[in-house]
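Peer 1: just the structure for this:
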Amino acid sequence: MKILNVNLRIILDSRGKDTLEAELKNGNFSAKASVPAGKSTGKHEAFVLEPKKALEKFEEIKNLILEKDFENQEAFDNFLIQLDGTENKSNLGGNLILSLSLAFARLKAKSDNLELFEYISKLQNLKPKIKNLKPIFNVINGGAHATNKQSQLDFQEFQVIPEVEDFSLAFSMGKIFYRKLGDYLIEKFGKDNVVLGDEAGYSAPFQSSEEALDILAEVIAKYKHPLRIGLDVAASQFFKGDYYLIGGKKYSAEELKGYYLKLIETYNILSIEDPFSEESFDDFAKLAQDLARSHSKTLIITDDLTATNFERLKKAINEKSGNAILIKPNQIGTLTETLKTIRLAYENNWQTIVSHRSGETRDDFIADLAVGVNAWGLKSGAPAKPERLAKYERLLAIANKTSF
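Peer 2: Predicted coordinates for the structure are as follows:
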């Protein structure tokens, strides 16, 4: 595909920070893509170039892009990787490269008269699927995403996950639960003490993780919703080198594992993400082993540990450090590399969960990605605020016009 024009501009993300939006044009079509940024980022993620610097770098490569005719997605992405010439994309920036990669995907899909999810599924040799795709609603924000200064939550996300096949029903259920939870929290803490965190989940003066979990369990039981609880612990945020600090108490990795096993059993937790720090392959594996021994089907999701990186995932698989990987395209920097990592996960019977970032835009690419790769779930925060809703509403649109 020959690109006739390419542009890059700075836009604002959901936190009011600068980010990038690329636009590509060929003879008949144009396509845009914007990229998010994380607040809680792992050290193995692709380098993020300051957006103004990215504009300067873009001018250096713009004509090189326009000179070539790209056969496919892989050719375009590999061209950008070669132009960058570094292991972590520190020259051009993973954010600049990804904005171009995703815009190319949208443009190529339009040129091929395909929906974006169809285009992605063809790249993966899969049939697109939305049935059983689970929206993962981050309804209570803790850790780095909490905005209430009295919050004592060390864990970053307290999620609810509908256990229904139909996405439309799951989305409706999530919105109803979110409103009911808000009413409960306002009655308990007072309206002025309940605010929205970075990902539109509630932030309030919770005194412990157990308090937040008790409230979720109580509201789920009260309204008899078929919902399960999920956690994103983001343990690297409270890892202090040789111990973990939760609620002012020190935990060894072994003690922390015991704490998680108790929480999983008490609250029937469906998934737990990043339970240990981002280099702790062994500790992830020990938790996985204990859960397997008890025949638990709880997902142990790797995020900071694997960073959507093929080599990191290969190590996690070899060491049996989990059974699911979080997929964030901006952690690695191109669609091609993202899909390569997903293929490796599936070849080894791991699940995939496609995820947004805390600093989001209204770009809904990850919704199509989740459908195109048959993901187990999609994380896009709480069902509120336009940047979060854009992804869920795109899934709803796909569900309403398809039957797979």
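Peer 1: for the rest of this, base every contact and every neighbour count on C-alpha atoms.
Peer 2: Will do.
Peer 1: could you give the average pLDDT over stretch 386-403?
Peer 2: The average pLDDT within stretch 386-403 is 93.
Peer 1: ok now that stretch, how far from the chain's centre?
Peer 2: On the basis of Cα atoms, centre = their mean, to the nearest Å, stretch 386-403 sits 16 Å off its chain's mean C-alpha point.
Peer 1: may I see the buried residues of that stretch?
Peer 2: For stretch 386-403, burial by neighbour count (16 or more other Cα atoms under 10 Å) applies to 387, 388, 389, 390, 391, 392, 393, 394, 395, 396, 398, 399.
Peer 1: could I get the CA-only coordinates of that stretch as CSV?
Peer 2: Extracted C-alpha coordinates of stretch 386-403, given in CSV (Å, rounded to 0.1, in the frame of the first residue of the first chain):
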residue,chain,number,x,y,z
PRO,A,386,-15.9,9.1,27.3
GLU,A,387,-12.4,7.6,26.9
ARG,A,388,-13.4,4.5,28.8
LEU,A,389,-16.9,4.2,27.2
ALA,A,390,-15.5,4.5,23.7
LYS,A,391,-14.0,1.0,23.9
TYR,A,392,-17.1,-0.6,25.4
GLU,A,393,-19.4,1.1,23.0
ARG,A,394,-17.4,-0.1,20.0
LEU,A,395,-17.7,-3.6,21.3
LEU,A,396,-21.5,-3.1,21.7
ALA,A,397,-21.6,-1.9,18.1
ILE,A,398,-19.7,-5.0,16.9
ALA,A,399,-22.0,-7.2,19.0
ASN,A,400,-25.1,-5.6,17.6
LYS,A,401,-24.2,-6.3,13.9
THR,A,402,-22.6,-9.7,14.2
SER,A,403,-23.5,-13.1,15.6
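Peer 1: identify the residues contacting that stretch?
Peer 2: Stretch 386-403 is contacted from outside by 14, 130, 135, 167-168, 171, 199-200, 360-368, 371, 380-383, using Cα atoms under 8 Å, 6 or more residues apart in numbering.
Peer 1: sort out for me which of those are in strands.
Peer 2: Among the contacts of stretch 386-403, DSSP state E puts residue 135 in strands.
Peer 1: if I look at residue 341, how far off is residue 368?
Peer 2: Distance of residue 341 to residue 368, computed by Cα to Cα, to the nearest Å: 17 Å.
Peer 1: go on, residue 183?
Peer 2: Applying Cα to Cα, the value for residue 183 to residue 368 is 33 Å.
Peer 1: residue 97: how many residues sit nearby?
Peer 2: Residue 97 sits with 26 neighbouring residues when counted by other Cα atoms under 10 Å.
Peer 1: now the residue lying closest to it once chain neighbours are set aside: phi and psi?
Peer 2: Once flanking residues are discounted, residue 97 sits nearest to residue 333: 6.1 Å by Cα to Cα, 6 or more residues apart in numbering. With angles defined as degrees, to the nearest 10, residue 333 sits at phi 110, psi -10.
Peer 1: hang on, the earlier thing: got TSV for the buried residues of stretch 386-403, with distance to residue 353 too?
Peer 2: What follows is the buried residues of stretch 386-403, written out as TSV (distance: Cα to Cα, whole Å):
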residue	distance to residue 353
387	18
388	16
389	17
390	17
391	14
392	14
393	17
394	17
395	14
396	17
398	18
399	18
